[in-house]
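Q: would you be able to build a 3D model of this:
(chains A, B, C and D)
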There are 2 protein chains.
Amino acid sequence: MTVHEHGRYSTGVEDLPYRSVPEAAVGRLAVYLRVLTSMIEQGVTTMSSEVLAGAAGVNSATLRKDLSYVGSYGTRGVGYDTARLVEHIERLLGLTRHHSIAVVGIGNLGHALANYPGFPDRGFPVTALFDVDEDLIGVPVGGLPVDHVDSIPAICAEREVTIGVICTPVPAAQGVCDLLVAGGVRCILNFAPVVLQVPDDVEVRRVDLAVELQILSFHQVRRGNGIGPVVEPIDPIAVSR
Amino acid sequence: MTVHEHGRYSTGVEDLPYRSVPEAAVGRLAVYLRVLTSMIEQGVTTMSSEVLAGAAGVNSATLRKDLSYVGSYGTRGVGYDTARLVEHIERLLGLTRHHSIAVVGIGNLGHALANYPGFPDRGFPVTALFDVDEDLIGVPVGGLPVDHVDSIPAICAEREVTIGVICTPVPAAQGVCDLLVAGGVRCILNFAPVVLQVPDDVEVRRVDLAVELQILSFHQVRRGNGIGPVVEPIDPIAVSR
DNA sequence: GCGACTTTGTTCCTGCGTTCACAAGCGGCT
DNA sequence: AGCCGCTTGTGAACGCAGGAACAAAGTCGC
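A: The predicted model follows:
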């Protein structure tokens, strides 16, 4: 949880100074990126911060500040050149680099993710699949054969996997995580509802579907909507967003 | 984005005063809940904030503050009674109420979610499935037949669906969302990578897998780890968490 | 029964993130 | 060419969340 100060990085092509980018802004930039590419497909070449913010569901001031982390690539009185903006956001997010992902745990969810078109479409090709089930080993899923989890370290290193996706049951998750780390994977997307223990240089993002539902449940009750036991809000609802 | 002040709500059984609960705390409480239920299964009856915080991956001070939103149910010098804590967190999160969820879009991901054991296990039974594909209508998935999306409003109202899960392709998402809202659904979990437009009284949570990957990509580049084009951090890496 | 130890609950404080508001800058119109 | 209006980019303020530190409180041992 350390806070680092200003820095810069070299792309190997040119040097660009970058400020410290807030975590929340990174997530929003990814959203802007998708809105922009969608707009470009529709032939839009220029967008104002107001319009882009509306499409992304954020405040226009927030959007402009986020874009200022990327650099000043807008034209006052006109807006942003969509193609140019996409290019710079992609560079900031590191999407100009080679990424490849491994999916571990080919159950229902793993199967779906192995076939998820959103991954390759956005520059994240799935290059390895793993499971413990002997019946699955060698079976092609989405055109890629499944390997045994024991071979995770070797195969991940060989295929230069940069992101590991864990879709195993809870008891297996930590072990699989350790294997991925042993294979040189430093980024992990975890769908198993456990908190993984990893070295400091490994980044884990957890997607917990049950937690998402429980948050929705909380808001519904606080709002007093819907069906079920009577809920009577006496004061304005006690929720800060 | 309005901020509401202190409030209280009636459970219909007893009145409990509750403070304003930060959004981030709600998410963590759901995590504590899972850790606690898992501990109870192992026979643990009492936990200190230090231990629970470690298992949930948060600071113990943060944990105690979060639990203070629930109420003061710990014993100084001892810790928290696990069963009692679970009960109160569940009530705060609204898990004592009846919830049922509808999954729309029975593709790979929708199929996986319809069979996801984590939903019923945590009190969120899947009670309706929808798709546009005529070949799927009537086919049972996880023991439940698929209905046509046109019947969303009627069936959701009839079965008292409280949460809608959208797994459709992007172009269909907004239309499906409108149908769910028409059917009285006020909570939506959206897996389609679009920002949905909804009335103020509807809560949407988006799970965007590509965005998660892009955030991981950003951190990896900023860290300078991994394979690919050379990345040279000159100053300490410019990332604030 | 009393003291010491443990752990909670809370207060204060620091720092980040978001929003407001405005000056600077650029294009279009006359 | 000059003015007008629109939009960006940023400086400042506000509000929230997280962490440290401490006082209150209850238990265990003697």
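
Q: how far off centre is the longest helix along chain A?
A: Longest helix in chain A, counting residues (DSSP state H): helix A:23-41. Centre-to-centre, helix A:23-41 and its host chain are 12 Å apart (Cα atoms, centre = their mean, to the nearest Å).

Q: and stretch A:130-142, which residues are buried?
A: By neighbour count on 16 or more other Cβ atoms under 10 Å in any protein chain shown, the buried set for stretch A:130-142 is A:130-132, A:136-137, A:141-142. Every C-beta, even on glycine, is put in place using the N, C-alpha and C of the backbone.

Q: in chain A, which residue sits nearest DNA strand C?
A: When scored by Cβ to the nearest atom of the strand, chain A has A:G77 as its residue closest to DNA strand C, at 2.9 Å.

Q: up against DNA strand C, what does chain A have?
A: Contact residues, chain A versus DNA strand C (Cβ under 7 Å from any atom of the strand): A:3, A:22-25, A:58-59, A:61-62, A:64-65, A:75-78.

Q: tell me which of the residues you listed fall in helices.
A: Counting by DSSP H, the part of the residues of chain A next to DNA strand C found in helices is A:23-25, A:61-62, A:64-65.

Q: walk me through the domains of chain A.
A: A:7-92, A:101-207 (automatic domain parsing).

Q: is the longest one anywhere near chain B?
A: Yes. With Cβ under 8 Å from any Cβ of the partner chain as the criterion, chain B is reached by domain A:101-207 at A:101, A:107-109, A:111-113, A:115-116, A:118-119, A:121-122, A:124, A:160, A:162-163, A:184, A:186-189, A:193, A:195, A:201, A:203, A:205, A:207.

Q: coming back round to it: so which of the ones in helices among the residues of chain A next to DNA strand C wins on neighbours?
A: Scoring these on neighbours with other Cβ atoms under 10 Å in any protein chain shown, the highest-scoring entry is A:A25 at 21 neighbours.

Q: ok, the residue nearest to that one when sequence neighbours are not counted to B:V221 distance?
A: Nearest residue to A:A25, sequence neighbours excluded (Cβ to Cβ, 6 or more residues apart in numbering or on different chains): A:D66, at 4.6 Å. From A:D66 across to B:V221, the span is 17 Å (Cβ to Cβ, to the nearest Å).

Q: same thing with A:V194?
A: 27 Å.

Q: also A:Q197?
A: Distance of A:Q197 to B:V221, computed by Cβ to Cβ: 24 Å.

Q: so which of these two has more stuff around it?
A: B:V221 (25 against 12).

Q: pull up the distance across stretch A:38-51, start to finish.
A: 14 Å (Cα to Cα, to the nearest Å).

Q: quick one: is it near DNA strand D?
A: Yes. Applying Cβ under 7 Å from any atom of the strand, one finds that stretch A:38-51 is in contact with DNA strand D at A:47-50.

Q: ranking by neighbours, what's the top pick from these?
A: When neighbours are counted by other Cβ under 10 Å, A:M47 leads those with 22 neighbours.

Q: A:L92 contacts B:I215, doesn't it?
A: No. Using Cβ atoms under 8 Å, A:L92 makes no contact with B:I215, being 11.7 Å away.

Q: just grab the bridge partners of A:L144 for me.
A: Per DSSP bridges, the residues bridged to A:L144 are A:V141.

Q: so it touches A:A128, yeah?
A: Yes. Judged on Cβ under 8 Å, A:L144 makes contact with A:A128 at a distance of 7.3 Å.

Q: looking at these two, which has the bigger crowd around it?
A: Remark: of A:L144 and A:A128, A:A128 carries more neighbours, 23 against 16, as counted by other Cβ under 10 Å.

Q: ok, and the closest non-adjacent residue to that one?
A: Nearest non-adjacent residue to A:A128, counting by Cβ to Cβ, 6+ apart: A:A102, 3.9 Å away.

Q: touching the strand or helix carrying the one you found from outside, list them.
A: Under the criterion of DSSP states H and E, A:A102 resides in strand A:101-104. Contacts with strand A:101-104, where a contact means Cβ atoms under 8 Å, 6 or more residues apart in numbering or on different chains, come from A:110, A:113-114, A:119, A:124-131, A:149, A:152, A:155-156, A:159, A:161-168, A:176, A:180, A:185, B:213.
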